[in-house]
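1. need coordinates for the following:
(one chain, ligands or ions: 1)
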Amino acid sequence: MRILNLGSLNYDKVYHVEHFARAGETILAGEHAVFLGGKGLNQSVALARAGAEVYHAGAVGSDGGPLREQLEAAGADTRYLLQLDTASGHAVIQLAAGQNCIIVCGGANRQLTDPYIDGVLDAFGPGDLLLVQNETACVAHAMRAAKARGMQVAFNASPITDELFGYPLELADYFLINEIEGMALAGTEEKDFGAILDRLAARYKAAIILTVGAAGAYYRRGAETCHAGIFEVPVVDTTAAGDTFCGFFLAAVARGLAPADALKLASGASSLAVSREGAANSIPTWEEVQKFLAT
Ligand code: RIB
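-> You can find the predicted model right below:
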């Protein structure tokens with residue numbers, strides 16, 4: 001299975017703070033660092049490090065060289081990546097006690113066009129999978145156009161925006177979501193994981209992969225269900241943990257692993273990612289995860 005990932009590429013400006021800034025408050029940051037990230041880039045890096053054949057579609061700006069180089073260093077194919085005469089996307093990330101708070105500014109990620117998507121998709125077809133998140137333009141069009149070409153579609157429903165509810169979600173074969181996104185999609189304010197899964201499984205034919213922090217991760221497709229716990233590690237930075245999970249889960253599926261094994265592998269990979277600071281740089285390789293699971 002070839003995986004085409006239409007996804008964002010961002011410079012992550014990370015600020016260490018004692019607490020997240022509240023409305024009307026000015027706070028001082030301690031350390032500051034810039035990492036290579038973006039949900040799309042992180043997921044392509046995770047897919048490639050997990051051994052998948054991944055092609056990245058998207059756009060960087062004229063400052064985007066390091067983002068492209070990061071993808072290529074991880075083993076992702078960048079032949080479809082555009083460089084536009086604008087600024088690359090960036091994210092402002094507050095980091096407090098291992099938790100993060102993220103604002104994304106789309107930049108080049110938001111300047112993709114439907115004809116560009118169609119041109120890329122012309123090289124893919126049945127047996128291939130399109131992965132999308134919600135930080136680029138043209139997500140709904142890409143889902144429809146991929147399905148029209150006989151591809152499977154995986155949707156990481158992040159971030160949740162108003163326009164997301166107008167996407168053809170019924171076309172997705174995989175939904176990869178965290179608990180906050182799951183609650184929004186299911187239309188509930190309750191953190192009841194079983195109820196979220198029941199509602200989404202009744203509404204969509206997709207396999208639902210729901211990550212729920214310390215409570216692990218759930219898989220549900222129709223009546224089929226399984227769960228994996230987390231591994232205890234010191235939490236340094238949760239940025240890109242969900243992306244690592246997503247990339248490793250799909251790579252494991254592409255390798256033919258059963259959902260329960262794919263969940264366990266993805267859980268091990270994201271545990272390693274949270275024990276390191278940064279985004280793409282925190283994502284482990286397949287071999288590192290195997291070693292971690294063996295110990
Ligand atoms: O999921 C983490 C990512 O979200 C960060 O790398 C940031 O760029 C935003 O896209």
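
2. how about Thr188, secondary structure?
-> Using DSSP: H, G, I helix; E, B strand; the rest coil, the secondary structure recorded for Thr188 is coil.

3. residues touching it, list them.
-> Counting by Cβ atoms under 8 Å, 6 or more residues apart in numbering, Thr188 touches Ala195, Ile196, Arg199. From N, CA and C alone the C-beta is placed, and that goes for glycine too.

4. so which bits of the protein are right by the ligand?
-> 8, 10, 12, 37-39, 42, 91, 102, 104, 135, 239-240, 242-243, 279 (Cβ under 6 Å from any ligand atom).

5. nearest to the ligand among those?
-> The ligand has its nearest neighbour among the residues of the chain next to the ligand in Gly37, at 2.5 Å by Cβ to the nearest ligand atom.

6. that closest one pairs with what?
-> According to DSSP bridges, Asn10 are recorded as the beta-bridge partners of Gly37.

7. re the thing from before, if you rank the contacts of Thr188 by neighbours, which is first?
-> Ile196 (26 neighbours; other Cβ atoms under 10 Å).

8. helices and strands around whichever strand or helix holds that residue, which ones?
-> Assessed by DSSP states H and E, Ile196 sits inside helix 193-203. For helix 193-203, the elements it packs on are helix 179-186, strand 207-211, strand 217-221, judged by 3 or more Cβ pairs under 8 Å, 6 or more residues apart in numbering; DSSP states H and E.

9. of all the residues in the longest one, which ones are buried?
-> For helix 179-186, a neighbour-count test (16 or more other Cβ atoms under 10 Å) marks Glu179, Glu181, Gly182, Met183, Ala184, Leu185, Ala186 as buried.

10. one step back: buried ones in the helix holding Ile196, by neighbour count?
-> Here helix 193-203 shows Phe193, Ile196, Leu197, Arg199, Leu200, Ala201 as buried, counting by 16+ other Cβ under 10 Å.

11. what of stretch 10-30?
-> For stretch 10-30, the buried set under the neighbour-count rule, 16+ other Cβ under 10 Å, comprises Asn10, Tyr11, Asp12, Lys13, Val14, Tyr15, Val17.

12. and for stretch 46-65?
-> With burial defined by 16+ other Cβ under 10 Å, the residues of stretch 46-65 counted as buried are 46-61, 64.

13. contact partners for Thr239?
-> If you count contacts by Cβ under 8 Å, 6+ apart, then Thr239 has Asp12, Val14, Phe35, Gly37, Ile93, Leu95, Asn100, Ile102, Gly278, Ala279, Ser282 around it.

14. can we see that at 10 Å?
-> 12, 14, 35, 37, 42, 91, 93, 95, 98-100, 102, 273-274, 276-280, 282 (Cβ atoms under 10 Å, 6 or more residues apart in numbering).

15. pLDDT below threshold where in the stretch 51-200 of the chain?
-> Low-confidence segments of the stretch 51-200 of the chain (pLDDT under 70): none present.
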